[in-house]
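1. Please find the sequence and the predicted model below.
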Number of protein chains: 2
Amino acid sequence: MNIAAPSFPSLQLDGALLVAQLRKLGELGADPDVGGRTRIALTDDERAGRDLLVKWMRELDLDVRIDRIGNIFGTLRAESDDGSQRPLMMGSHIDTVKNAGALDGCYGVLAGLAVVRAFRQAGVKPQRSITIGAFTNEEGIRYQPDMMGSLVYAGGLSLDTALNTIGIDGTRLGDELARIGYAGDLEPGAIMPHEYLELHIEQGPILEAENIRIGVVESLQGISWQQITVQGNANHAGTTPTHLRHDAGWVAAAVATFLRELAVTTGTTLATIGMLSIEPNVINVIPRKAVFTVDLRDPDEQRLQDAERRLADFLIEVAEKEGVRITSERLVRFEPVVFDAELADTIEASAERMGFTHRRMTSGAGHDAQMIARIAPAAMIFVPSRGGISHNPREHTDDDQLVNGANLLLDVVLRRLSAN
Amino acid sequence: MNIAAPSFPSLQLDGALLVAQLRKLGELGADPDVGGRTRIALTDDERAGRDLLVKWMRELDLDVRIDRIGNIFGTLRAESDDGSQRPLMMGSHIDTVKNAGALDGCYGVLAGLAVVRAFRQAGVKPQRSITIGAFTNEEGIRYQPDMMGSLVYAGGLSLDTALNTIGIDGTRLGDELARIGYAGDLEPGAIMPHEYLELHIEQGPILEAENIRIGVVESLQGISWQQITVQGNANHAGTTPTHLRHDAGWVAAAVATFLRELAVTTGTTLATIGMLSIEPNVINVIPRKAVFTVDLRDPDEQRLQDAERRLADFLIEVAEKEGVRITSERLVRFEPVVFDAELADTIEASAERMGFTHRRMTSGAGHDAQMIARIAPAAMIFVPSRGGISHNPREHTDDDQLVNGANLLLDVVLRRLSAN
């Protein structure tokens, strides 16, 4: 499966080893009953993933550093690097959602290692140092916001705030980070990337549907996360006439209906209610309280703001109509990101030269690259996801597509190293 | 507050003691933080309630018997009773929902005790034995179906099936009944009522809204409970276009919207989604699964069947449209009940003679009386519920209204004892 990077024939990417490492890392946190694996940030299973990654970095004789938010960096030094050089960075994350696939995040990290391995195996040093980064808590399952490690790294969230984050299980992030042994001493942001490349599975259906091998990701949707709380009145389901109800559960359903309509009519906005709970959650009691999250995304900031405003207006209207109180808390808000045009051009040119079908596209998901884009030129490369499925045990990309993506990454890296 | 039952001036109901006992029983399982009390069937807190009730029955020197489903009976024997007489029975239940008021069920049981106490304090025996019954698991919170003790008693559910019921906490009802010491040896149904009267708070807003003291309950709504499971596809919230989603949470919301529309258009059908959970319940993952309950009620059997059929049709339609699988499990189904006309006439006549405003009405909630109506003439008396609120710590009926209701019950009992 090894395909020589066409312009640097001496460097060979070991695709089989990359695939084997993805499988090996994917065994950690595996759930044989439900399927998939669960390595939520800073749990014991995620520590095992970190330990394995660090072991593999050390096997490549990389300089391994951990920063104070737990981001892991492994650097292959250039001869010319006196320690002050800005490295070419590749990276992503190795934490997962519940019952995840094996590729989301891990692919970008391990493909970066595969690129470095190609240098090691050829016995050549890069013209510029190369750093592989694995950022803490990209998924945001246990601690919010998501993409936290790269956000702190880029200066968008203070280290103290991040360390003091309380998780959904009541734990403090800083305590858990120390508990698993990954509270490092490097200051976040100390290793400033010259450029940043993130290879990732698409996690969406577009490349597969269009039978395209490579996505040249030139932008990324804006993300708006809110938690909405509806306070109604608990009452007996059999004796309370419909017009006298203050049903918090029904209001949540009305919001879901409004959001579906909004998504369908705009065409570009995506809206999801991913978390929902009602109280007292009893079969014959009208729900007193509903708490749910709203995930809104749009590649255009103005349209995203429109969606937020329309939702806010609807909440006021439905609260008035149903006689309930509604409060809304902003959890996460990221504007759309436009990636570096020169990097996107290089990716496109490499794909073209290597004979991979390709298209420009927007990332629907959030990625660490959007944070690093605040401090360095950044871009992403996508490979197809079967059925567009991700965050699911059935997440899948064919091995040859994974290896193609890594070979493309190697080619882009070689071109960027030559270019500057 | 003692008001003589007008036609039998020698019998005096001790209203103050009734109110005091309601308060005392209401302290068991009290939750000082959230408010209200929680005595879910066959828990330790409910056992404490049973122990207190049995103590109070014994203080009145009643013959206390526990049957095999845990129903508690206290009998004041008539002189003429050789043990084979069918007693006049009054009763209800003392189990509660989560964070309940102090009156639902308890009022009917303790008012029955107050009637018996009036006989004891006057030193007279009734012409026919009087039995006070407290039926097991009326609320159906932990074990389904609700009204289980009276249902078994009336022969509508086999004792074995009831005892083998597995609760939402995984426990077996028969084990829990034995654990709390209320697995009695009396066969359910062994004490066959001659007639059955159940005094209850309305748990609805009608009496208060119309400023009426007494509800003469001549019928009871049919009840249909289902659990519906929607199986969709978990997928990434940011990358999955709306038209490619199979969002189980959204389908649940669509069902809620359909049911609200159904309730509003029929005018008589009530529809409630009281329980709802989604999986994986993660902010940026489209829900793979939704499980929720539907509570449908209508005083008319045909209209209730119409509602069930329309819901079933909608489920087929939305499953097809959204590409999800939907299964539905019937949990409980009771047809509407028409109570005994002669008993209702007596209640109405007593209210009229005692100067209480009154109206005929349908019960919106299910009650043990509907089960006992299968084996004996039965009827119910309602007193107002402030704001129509029940199944809630704010459930309230003024003390004088509670005492009025009990005095009316005493009057009705005396009239029924004289009548036959």
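-> Received, thanks.
2. contacts and neighbour counts: CA atoms only from here.
-> Fine.
3. Any buried residues in the helix or strand hosting A:V152, and which?
-> Assessed by DSSP states H and E, A:V152 sits inside helix A:148-153. Within helix A:148-153, the residues that count as buried by 16 or more other Cα atoms under 10 Å in any protein chain shown are A:M148, A:G149, A:S150, A:L151, A:V152, A:Y153.
4. Please enumerate residues in contact with that helix?
-> Residues outside helix A:148-153 that contact it (Cα atoms under 8 Å, 6 or more residues apart in numbering or on different chains) are A:69-71, A:135-138, A:140, A:157-159, A:162, A:188-189, A:368, A:371-372.
5. List buried members of those by neighbour count.
-> For the contacts of helix A:148-153, a burial check counting by 16+ other Cα under 10 Å picks out A:69-71, A:135-138, A:140, A:159, A:162, A:188-189, A:368, A:371-372.
6. If A:R297 is in a bridge, with which residues?
-> A:I223, A:L270 (DSSP bridges).
7. how about the CA coordinates for the helix or strand containing A:L402, as CSV?
-> Per DSSP H and E: A:L402 is located in helix A:399-419. Listed next in CSV are the C-alpha coordinates belonging to helix A:399-419 (Å, rounded to 0.1, in the frame of the first residue of the first chain):
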residue,chain,number,x,y,z
ASP,A,399,-7.9,1.9,4.4
ASP,A,400,-6.7,2.9,1.0
GLN,A,401,-8.5,6.3,1.3
LEU,A,402,-6.8,6.8,4.7
VAL,A,403,-3.4,6.0,3.2
ASN,A,404,-4.1,8.2,0.2
GLY,A,405,-4.9,11.1,2.6
ALA,A,406,-1.7,10.5,4.5
ASN,A,407,0.4,10.4,1.3
LEU,A,408,-1.2,13.6,0.3
LEU,A,409,-0.4,15.1,3.6
LEU,A,410,3.3,14.0,3.2
ASP,A,411,3.4,15.6,-0.2
VAL,A,412,1.9,18.9,1.1
VAL,A,413,4.4,18.9,3.9
LEU,A,414,7.3,18.4,1.6
ARG,A,415,6.1,21.2,-0.7
ARG,A,416,5.6,23.6,2.3
LEU,A,417,9.1,22.7,3.6
SER,A,418,10.6,23.5,0.2
ALA,A,419,8.5,26.7,-0.2
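8. The residue in the stretch 51-200 of chain A that chain B sits nearest to: helix or strand, and which one exactly?
-> Minimum separation of the stretch 51-200 of chain A from chain B (Cα to the nearest Cα) falls at A:I141, amounting to 7.0 Å. Assigned by DSSP H and E, A:I141 falls within no helix or strand.
9. secondary structure class for the nearest residue to it once chain neighbours are set aside?
-> Setting aside the residues directly before and after it, A:I141 is nearest to A:V97 in space (Cα to Cα, 6 or more residues apart in numbering or on different chains), at 6.3 Å. What DSSP: H, G, I helix; E, B strand; the rest coil gives for A:V97 is coil.
10. quick one, what contacts A:V97?
-> Contacts of A:V97 by Cα under 8 Å, 6+ apart are A:T38, A:R39, A:I40, A:E139, A:I141, A:H391.
11. gap between the two ends of stretch A:288-305?
-> End-to-end span of stretch A:288-305 (Cα to Cα, to the nearest Å): 30 Å.
12. ranges for the helices of chain A?
-> Secondary structure of chain A (DSSP state H): helices at A:15-26, A:44-59, A:106-122, A:148-153, A:159-163, A:173-179, A:206-209, A:248-266, A:301-322, A:341-354, A:368-372, A:399-419.
13. May I see the ones you listed organised as a markdown table, with mean pLDDT added?
-> Shown next, in a markdown table, are the helices of chain A (pLDDT from 0 to 100):
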| stretch | mean pLDDT |
| --- | --- |
| helix A:15-26 | 98 |
| helix A:44-59 | 98 |
| helix A:106-122 | 98 |
| helix A:148-153 | 98 |
| helix A:159-163 | 98 |
| helix A:173-179 | 98 |
| helix A:206-209 | 90 |
| helix A:248-266 | 97 |
| helix A:301-322 | 98 |
| helix A:341-354 | 97 |
| helix A:368-372 | 96 |
| helix A:399-419 | 97 |
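14. Using JSON lines, lay out those helices together with distance to B:H93.
-> JSON lines is the format used below for the helices of chain A (distance: least, Cα to Cα, whole Å):
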{"stretch": "helix A:15-26", "distance to B:H93": "54"}
{"stretch": "helix A:44-59", "distance to B:H93": "48"}
{"stretch": "helix A:106-122", "distance to B:H93": "58"}
{"stretch": "helix A:148-153", "distance to B:H93": "53"}
{"stretch": "helix A:159-163", "distance to B:H93": "52"}
{"stretch": "helix A:173-179", "distance to B:H93": "48"}
{"stretch": "helix A:206-209", "distance to B:H93": "60"}
{"stretch": "helix A:248-266", "distance to B:H93": "28"}
{"stretch": "helix A:301-322", "distance to B:H93": "33"}
{"stretch": "helix A:341-354", "distance to B:H93": "72"}
{"stretch": "helix A:368-372", "distance to B:H93": "58"}
{"stretch": "helix A:399-419", "distance to B:H93": "64"}
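15. Quickly note the distance from the most centrally placed residue in chain A to A:H236.
-> Nearest to the mean C-alpha position of chain A, by Cα atoms, centre = their mean, lies A:H367 at 3.9 Å. A:H367 sits 46 Å away from A:H236, taking Cα to Cα as the criterion.
16. Please identify which two of the buried ones among the contacts of helix A:148-153 are farthest apart in space.
-> Comparing every pair within these by Cα to Cα identifies A:G140 and A:G189 as the most remote, at 20.1 Å.
17. Enumerate the residues of the stretch 101-250 of chain A near chain B.
-> Proximity of the stretch 101-250 of chain A to chain B, by Cα under 8 Å from any Cα of the partner chain, involves residues A:141, A:202-205, A:234-242, A:249-250.
18. Can you go through those residues and name the buried ones?
-> Among these, those classed as buried by 16+ other Cα under 10 Å are A:141, A:202-205, A:234-242, A:249-250.
19. just to revisit the earlier point, of the buried residues of helix A:148-153, just say which sits nearest to B:E279.
-> Closest approach between the buried residues of helix A:148-153 and B:E279, by Cα to Cα: A:M148, at 24.1 Å.
20. still on that earlier bit, farthest pair in the buried residues of helix A:148-153?
-> Greatest spatial distance among those (Cα to Cα): A:M148 and A:Y153, at 8.4 Å.
21. Might one say that A:L409 is in contact with A:I214?
-> No. Because the distance of 10.8 Å does not satisfy Cα atoms under 8 Å, A:L409 is recorded as not touching A:I214.
22. Wondering if stretch A:39-57 reaches chain B at all.
-> No. Using Cα under 8 Å from any Cα, stretch A:39-57 never reaches chain B; the gap is at least 12.0 Å.
23. Can you mark which positions in that stretch are buried?
-> Neighbour-count burial for stretch A:39-57, counted by 16+ other Cα under 10 Å, picks out A:39-50, A:52-54, A:56-57.
24. How about stretch A:183-201?
-> By 16+ other Cα under 10 Å, the buried positions in stretch A:183-201 come out as A:183-184, A:186, A:188-189, A:191-201.
25. and the residues you listed, which of them are in strands?
-> Among the buried residues of stretch A:183-201, the ones falling in strands (DSSP state E) are A:E195, A:Y196, A:L197, A:E198, A:L199, A:H200, A:I201.
26. Would you confirm that A:S363 contacts A:Q221?
-> Yes. Shown here, A:S363 and A:Q221 form a contact pair, counting by Cα under 8 Å, at 6.1 Å.
27. where do the contact lists of these two overlap?
-> Counting by Cα under 8 Å, 6+ apart, no residue touches both A:S363 and A:Q221.
28. What lies in contact with stretch A:106-125?
-> Contact with stretch A:106-125 is made by A:10-15, A:17-18, A:21-22, A:25, A:57, A:60, A:76-79, A:90-94, A:126, A:130, A:132-134, A:198-201, A:402, A:406, A:409-410, as judged by Cα under 8 Å, 6+ apart.
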